[in-house]
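# sequence plus predicted model, see below.
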Amino acid sequence: MVAASEPGEDQSVPAAEQADMIRRLAESEERYRLLVENAWDVIWTMGVDGSITYISPSVERVRGLTPAEAAAQTIDQIHPPESAARVADYFARLYEAMAIGTVPPTYFGEHEYYRKDGSIMLGELQVIPHVDQQGRVVQILGVTRDISEQRHYEAELSRLAVTDPLTGVWNRRQGEQLFRSDFEGCMGRGPALSLLLLDIDRFKTINDTWGHQTGDRVLIEVARRLSEHLRASDALARWGGEEFVILLRDCNLEAAHVVAEHLRTVIADSPFDVVGTVTASIGVSELLPVDDFADWIDRADRAMYAAKTDGRNAVRLSRAS
């Protein structure tokens, strides 16, 4: 005699196999729970009514908030205004798609987040609506990745690529690109452009007498003094060794001469630590219609060497022949 089956019991699957399926399902759920709760990124879910249904514990590491604190925040409490507006715009588009039955949009973008201490975290946000078989949104899944440190390193690498690592001013490669861009944009037209080529006098003696570390400090201090006495529109680059090149925009030869004399005194009139008085020789050239880029720089270079020949601590001009 066959025993009657219990209501709802699937007789097509043996009891042992059902038990194994339940066990494997529980193991799978436990595995995904461990992955989510120990994930480096912040994983969160939202109901279709806009309520937060889950936030992973990693939110405390990246924003300093417990999951409960984070879940209670509004968009304006989570994001600074610009990021809040962009996130709100996405959700407006998502809910509009849900209302009219069109495919719900996903989202990927970078946003700023407030940390609990008031500092700002830069996060990479991805939002994926989860739909059922009828295409209706039943849940919204989000992942937020802290990319603050990554962006910091990227910015630092970008800075190092264009600046001199010792003095912090533009390096020669970046300086030459800037100067060439101005040369090509202003050649034969527009405001006057002038170059100053500055070389620290007897720099080898400084290195030989007080050592290269002291020489480095002199270079740093020269760059600082020059930067402080230039306009925001000017450009300063370390050309190599003890040479600096300065681009003076909207500045003819006579005006550049005044600037060069001022910079010469800024260096010579205030003693440097350890070494005392330091001087510089400066050559000045205004861009001429007949110049190519190399000529323009070469004329400043030759004027600088004329200043050296005439006794150093001097400014010399390259005039049109």
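Happy to help now that I have it. Owing to the predicted nature of the structure, the values given are computational and were not obtained by experimental measurement.
# for residue 316, name its beta-bridge partners.
residue 283 (DSSP bridges).
# let's number from 21 now, not from 1
Renumbered: residue one is now 21, and that last one reads residue 336.
# from residue 190, how far off is it?
The gap separating residue 336 from residue 190 is 24 Å, by CB to CB, to the nearest Å. Where you see a C-beta, it was placed from the backbone N, CA and C, and this is true even at glycine.
# then residue 91?
From residue 91 to residue 190 the distance is 48 Å (CB to CB).
# residue 166: neighbouring residues, count only.
Residue 166 has 21 neighbours, counted by other CB atoms under 10 Å.
# before we move on, what about residue 299?
Neighbour count of residue 299, defined by other CB under 10 Å: 16.
# is it true that it touches residue 328?
No - the criterion here is CB atoms under 8 Å, and residue 299 misses it with residue 328 at 10.6 Å.
# between these two, what contacts are shared?
By CB atoms under 8 Å, 6 or more residues apart in numbering, residue 299 and residue 328 have these common neighbours: residue 221.
# just for this protein, where's the confidence low?
21-59, 207-209, 341 (pLDDT under 70).
# quick one: the helices in it?
35-57, 79-83, 87-91, 95-98, 101-120, 168-182, 192-206, 223-230, 232-248, 273-288, 313-329 (DSSP state H).
# could you measure from residue 102 over to residue 84?
For residue 102 relative to residue 84 (CB to CB), the value is 22 Å.
# again but with residue 228, I slipped
54 Å.
# ok, those two, which is more surrounded?
Shown here are residue 228 and residue 84; by other CB under 10 Å, residue 84 has more neighbours (16 against 11).
# does the more buried one touch residue 135 like I think?
Yes - with contact defined as CB under 8 Å, residue 84 reaches residue 135; the gap is 5.1 Å.
# so how many other residues sit close to residue 70?
10.
# nope, residue 300 is what I meant
The local packing of residue 300 (other CB under 10 Å) involves 27 other residues.
# thought residue 187 was touching residue 243?
Yes - counting by CB under 8 Å, residue 187 does reach residue 243; the two are 3.7 Å apart.
# any residues in contact with both of those two?
Residues touching both residue 187 and residue 243 (CB under 8 Å, 6+ apart): residue 258.
# can you list the domains in the chain?
54-172, 183-338 (automatic domain parsing).
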